[in-house]
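Trainee: Compute the structure for the input listed below.
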Amino acid sequence: MELARIRKLFGDLPVVSVATVDPTGSPHVAPLWFVCRDDAVYVSTRTTSRTWRNAAREPRVSITVDVGRGWVEIAGVVVEGKAELLSPEEPSMRGPMSAWHEKYRTLLAGDGFERFTGEIRRIGFLRVEPERVLGWDHARA
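Mentor: Okay, the predicted model is just below:
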């Protein structure tokens, strides 16, 4: 499955689950905000988070997103790849940051942005270019 198809099917969803490996080899899974672009999936996280530290040490990650409740509605995708840790100030982040702001601005409306900036002191992004994509779609006829 191509990133354009993933974006079309799941791009409007607010959260993906990101799995990293902690120093003991155990999995760590966190729900995080994301944008899917033509080149990669960009996941936002605190630079002080376990997800950030784990990806800095071991860049292999898995990203899962799914929809549906009943058996014939369920569809999803797992994107596996290596995370590149990026600062929002990096020139290559202009497009992804614009897309991220556009996607989440309504969720940050009202006092949301003030609370967000008060609680999230330093945000970073994991850029994950897919090496392997696994999908399922029970909804297809």
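Trainee: alpha carbons only for contacts and neighbour counts from here, please
Mentor: Noted.
Trainee: what about the longest helix along the chain, distance to the chain center?
Mentor: Longest helix in the chain by number of residues, with DSSP state H as the criterion: helix 94-104. When C-alpha coordinates are averaged (C-alpha atoms, centre = their mean, to the nearest Å), helix 94-104 and its chain have centres 13 Å apart.
Trainee: buried ones in it?
Mentor: When neighbours are counted by 16 or more other C-alpha atoms under 10 Å, the buried residues of helix 94-104 are found to be Pro96, Met97, Ala99, Trp100, Lys103, Tyr104.
Trainee: How about stretch 16-30?
Mentor: Buried residues in stretch 16-30, counting neighbours by 16+ other C-alpha under 10 Å, are found at Val16, Ser17, Val18, Ala19, Thr20, Val21, Asp22, Val29, Ala30.
Trainee: Tabulate those (CSV), appending pLDDT, secondary structure and distance to Asp137.
Mentor: Formatted as CSV, the entries for the buried residues of stretch 16-30 read as follows, by pLDDT from 0 to 100; DSSP: H, G, I helix; E, B strand; the rest coil; distance: C-alpha to C-alpha, whole Å:
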residue, pLDDT, secondary structure, distance to Asp137
Val16, 96, strand, 17
Ser17, 97, strand, 18
Val18, 98, strand, 20
Ala19, 98, strand, 21
Thr20, 98, strand, 25
Val21, 96, strand, 27
Asp22, 95, coil, 31
Val29, 98, strand, 23
Ala30, 98, strand, 23
